[in-house]
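Visitor: When you get a sec, could you give me coordinates for this:
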Amino acid sequence: MERVVITGIGLITPNGVGTEASWRSMLAGEPGIGPITQFDASAFSSRIAGEVKGFEATRFIEKKKVKEMARFTQFAVAATKLAIEDAGLELSEEERDRAGCFIGVGLGGLEQIENTARVLFERGPGKISPYFIPATIANLAAGQVSMIYGLRGPSYSNTSACASSAHSIGEAFEWIRRGRADVMVAGGAEATITGLGVGGFCAMFALSRRNDEPARASRPFDRGRDGFVIGEGAGTLVLESLTRARKRGARIYAEVTGYGATSDAHHLTQPAPEGVGGQRAMRLCLEDAKLRPEDVDYVNAHGTSTPVGDIQESAAIASVFGDHALSHRLWVSSTKSMMGHLLGAAGAVELGACALAIAHGVVPPTINLDDQDPACPLDYVPHQARERTLRHALSNSFGFGGTNASVLVSRFT
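Guide: Just a heads-up that it's a prediction; the model follows:
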């Protein structure tokens with residue numbers, strides 16, 4: 001089977017528009033969370049979010065095309081432009097048939113649904129935009145990217161809640177290593193900071209209500225955590241077969257070496273006891289990569305800052321990695337502490353962080369971890385980034401419905 005490497009990374013996050021800005025902010029432990037500005041949230045129990053600030057769609061997209069795209073697709077196209085430029089990727093006409101695009105999306109164009117419903121009720125069906133459906137549906141993130149860059153291989157959206165983009169990258173990895181594609185643009189995008197999105201999660205009591213301290217609201221593994229903070233953004237990775245990457249002399253961030261996916265088959269929103277579904281995803285991922293637990297140096301945790309989820313994931317990591325984790329030789333951190341939970345985009349952004357951590361030899365921290373929950377007994381790299389030569393890093397993404405995905409990246413040798 002083909003080896004698969006990461007040659008480009010594009011990030012659009014609450015911590016920065018661009019990969020360098022996002023990564024620099026993560027390493028500095030800067031919170032990207034603040035009061036919601038995209039709509040009037042004064043009546044909501046949670047009024048804070050990780051918004052992407054200073055994003056100008058026309059910097060990345062032709063002006064005439066912007067109207068075709070909901071915000072999540074704009075983010076996807078922007079992150080992809082950054083990743084392709086970072087990779088220095090150029091494709092011949094023949095190569096375009098073996099280059100595809102998987103962009104995972106959890107919810108799609110909620111702001112388009114809200115705005116169009118208002119038009120329907122106030123002005124009638126004749127005023128609905130012909131772009132409403134193409135802008136709203138989840139697969140148009142991958143569709144727009146494929147059209148812009150002439151990617152004629154497989155193109156679709158994995159929609160599996162907060163594991164959407166991890167599944168997209170895992171499936172892209174499978175396509176290349178089985179020899180069915182040579183290049184895959186893979187990642188995720190989400191933009192659900194709307195009345196419907198925030199209100200829906202508020203109704204589930206899922207969001208933090210630390211409205212007076214937004215920068216301190218996302219606090220994974222801390223005793224005072226009270227729910228996640230909703231975020232938005234996109235992450236795109238350029239994956240290539242090692243054969244192709246070597247042939248063109250590409251810069252390689254890391255190699256994708258393992259992928260595991262499972263289902264809890266347990267509960268609508270809560271993880272299975274002891275995170276057994278997540279355990280199986282991690283074990284499958286390690287088995288796929290032919291690695292032992294003690295070979296892994298870093299886990300970018302799902303780490304959402306929910307009371308139950310953080311405990312269950314900690315138990316799952318402790319079960320899989322044993323004394324390697326409990327003795328703190330394994331480092332674990334949650335970058336959601338800084339940017340909030342990017343839902344369908346989270347896995348791609350966080351795997352991008354893993355690849356950058358391997359390339360630069362530094363692990364981003366878990367901020368706001370002031371009073372570590374005794375039920376979460378691992379080393380979560382609190383407050384400050386740490387330098388370390390990393391061999392292997394694993395990223396976890398778990399979603400509603402009990403869907404789990406783990407992806408492993410390794411130092412390229």
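Visitor: Let me see the contact set for the most centrally placed residue in the chain.
Guide: Compute the mean C-alpha point of the chain, and by CA atoms, centre = their mean the closest residue is Ala346, 2.0 Å away. Listed by CB atoms under 8 Å, 6 or more residues apart in numbering, the contact set of Ala346 reads 162, 165-166, 188, 190, 231, 302, 336, 397. (Glycine included, C-beta is placed from N, CA and C.)
Visitor: where's it, which helix or strand?
Guide: helix 346-360 (DSSP states H and E).
Visitor: Which strands border the helix or strand that comes right after that helix, and is each parallel or antiparallel?
Guide: The helix or strand immediately downstream of helix 346-360 is strand 362-363, counting by DSSP H and E. Applying DSSP bridges, strand 362-363 is found paired with strand 386-387 (antiparallel).
Visitor: what mean pLDDT does the strand it pairs with have?
Guide: The average pLDDT within strand 386-387 is 98.
Visitor: One more: stretch 253-272?
Guide: Across stretch 253-272, the average pLDDT comes to 94.
Visitor: residues of that stretch that come out buried?
Guide: Neighbour counts using 16 or more other CB atoms under 10 Å place 253-262, 264, 271-272 of stretch 253-272 among the buried residues.
Visitor: what's the distance between the helix holding Ala346 and the middle of its chain?
Guide: Remark: helix 346-360 is offset 9 Å from the chain centroid, using CA atoms, centre = their mean, to the nearest Å.
Visitor: repeat for stretch 6-22
Guide: 11 Å.
Visitor: what's the first-to-last distance across it?
Guide: 18 Å (CA to CA, to the nearest Å).
Visitor: which of the residues in it are buried?
Guide: 6-19, 22.
Visitor: Now do whichever strand or helix holds Val77, average pLDDT.
Guide: For Val77, the element it lies in under DSSP H and E is helix 71-87. Average pLDDT, helix 71-87: 98.
Visitor: from what I can see Asp373 touches Gly309, true?
Guide: No. Counting by CB atoms under 8 Å, Asp373 does not reach Gly309; the two are 11.8 Å apart.
Visitor: neighbour count winner among those two?
Guide: Set side by side, Asp373 and Gly309 show more neighbours around Gly309, with 24 against 19, by other CB atoms under 10 Å.
Visitor: residue contacts, the more buried one?
Guide: 271, 302, 398.
Visitor: who does the last one bridge with?
Guide: It stands for Phe398. Asn404.
Visitor: Check what pLDDT Gly402 gets.
Guide: At Gly402, the pLDDT value in this model is 94.
Visitor: Also Leu330?
Guide: pLDDT, Leu330: 98.
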